[in-house]
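[1] this is the structure alone, sequence omitted:
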């Protein structure tokens, strides 16, 4: 059995999201190998060629943009295998190189917003015509998910947004203003629209205008969790006035409370944060809950969460606030789903949970339970 056989088999047999993650793992492994031997190169090249052909046949048959984008994301990673195993394009077998180029062109056609953003920011000078073309694709996008690709793409080049010509920046500002207003007027936005709205609110910090500040202020008042938070964060970064009612609403939301506190603290504006939510235990719980909502963790807010107590490291002056929580998340296996699990958070961002069962660490008293968790999980 070759070194790569198991991982290549797993990639083939898994669902698309898992294919993407497994292929990223493969690329990381290949990045650590300076020069694969001839047998490994042949196996990896054959695998890549097989997957390229499969994508060439499948992508044109898919009408749902989100599903098509998932295949293209996988295709991006498959194409990245070639430069990891060959010293140059000239070394790639001619037929494989032709098919790889064909897939690259197909994916650019399938994702015009992403392709145009890459092309635009590859240029030294960005003109109005280029931006007109990009915004035309954004306005005519087939779904909310595709519309959101504009903001995700812009954030990938956020370090260059301040250097855009004024005329181009004006084009983007006006488009973003119209979109934020549209989101505010949606009566029943679906999950894709909410995700796009969140990224748009985050992107808005790079495009200041009086109208943008008005729209961000309105957005900060809606009860939409992270959307409201990113609107508030953008307002803070733009140096715009902050509504206390928006801060109070976010402080009462355990997912966003600590994020809001930290955003205000970084700008010396903690006085706006309600005193009733300033306890370190509450902020630690908020940080843990937010961390657990990551797709790589629970992907959702725990069904229940309770504070157990604190663990102190006197010499390091660290304090960890320890919690137990229950979740029915599909990311958990049967052994852990619906059981009390352990998590913790510290003021300096030492937030973590490995979904350990509380029952495996519980002792007759709370203090002994905490000491056991400290010794066996958090570390001395």
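    Cool, the structure landed. Predicted, not measured: the structure shown is a model, and the values here were computed from it. Numbers count the residues shown, from 1 in each chain.

[2] my guess is residue 367 contacts residue 309. True?
    Yes. Counting by Cβ atoms under 8 Å, residue 367 touches residue 309, with 7.5 Å between them. For the C-beta atoms, the positions are set from N, CA and C on the backbone; glycine is no exception.

[3] what are the boundaries of the helices in the stretch 201-350 of the chain?
    In the stretch 201-350 of the chain, the segments counted as helices under DSSP state H, counting those that start in this stretch are 210-221, 226-237, 244-251, 257-266, 280-292.

[4] show me what the first one is in contact with.
    I take that to be helix 210-221. Applying Cβ atoms under 8 Å, 6 or more residues apart in numbering, the contact partners of helix 210-221 are 173, 176-177, 180-181, 183-184, 197, 201, 204, 227-228, 231-232, 234-235, 238, 240-243, 245-246, 249.

[5] check which residues of it are buried.
    Across helix 210-221, burial judged by 16 or more other Cβ atoms under 10 Å covers 212, 213, 215, 216, 217, 219, 220, 221.

[6] thinking again about what came up before, residue 367 and residue 309 - which one has more neighbours?
    Using other Cβ atoms under 10 Å, the more surrounded residue of residue 367 and residue 309 is residue 309, with 14 against 10.

[7] excluding chain neighbours, what is closest to that one?
    For residue 309, ignoring the flanking residues on the chain, the nearest one in space by Cβ to Cβ, 6 or more residues apart in numbering is residue 370 at 5.0 Å.

[8] which residues touch the one you found?
    Residue 370 neighbours (Cβ under 8 Å, 6+ apart): 308, 309, 310, 311, 322.

[9] what sits against the second one?
    Right, the one you point to is residue 309. Taking Cβ under 8 Å, 6+ apart as the test, what residue 309 contacts is 321, 322, 366, 367, 370.

[10] the same query, at a cut-off of 10 Å, please.
    281, 320, 321, 322, 323, 366, 367, 369, 370, 373 (Cβ atoms under 10 Å, 6 or more residues apart in numbering).

[11] break this structure down into its domains, please.
    In terms of domains, the chain is parsed into 5-110, 112-278, 281-378 (source: automatic domain parsing).

[12] now those as TSV including mean pLDDT?
    What follows is the domains of the chain, written out as TSV (pLDDT from 0 to 100):
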stretch	mean pLDDT
domain 5-110	95
domain 112-278	96
domain 281-378	93
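
[13] re the thing from before, which of the contacts of residue 309 sits closest to residue 139?
    Nearest to residue 139 among these, counting by Cβ to Cβ, is residue 323 at 45.7 Å.

[14] what's around that closest one, how many residues?
    Residue 323 has 24 neighbours, counted by other Cβ under 10 Å.

[15] so what's it up against?
    The contact partners of residue 323, by Cβ under 10 Å, 6+ apart, come to 281, 284-285, 288-289, 292, 302, 305-309, 340-345, 353, 358.

[16] can you list the helices of the stretch 201-350 of the chain in JSON lines and add distance to residue 34?
    Conversion of those to JSON lines gives the following (distance: least, Cβ to Cβ, whole Å):
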{"stretch": "helix 210-221", "distance to residue 34": "49"}
{"stretch": "helix 226-237", "distance to residue 34": "42"}
{"stretch": "helix 244-251", "distance to residue 34": "49"}
{"stretch": "helix 257-266", "distance to residue 34": "41"}
{"stretch": "helix 280-292", "distance to residue 34": "36"}
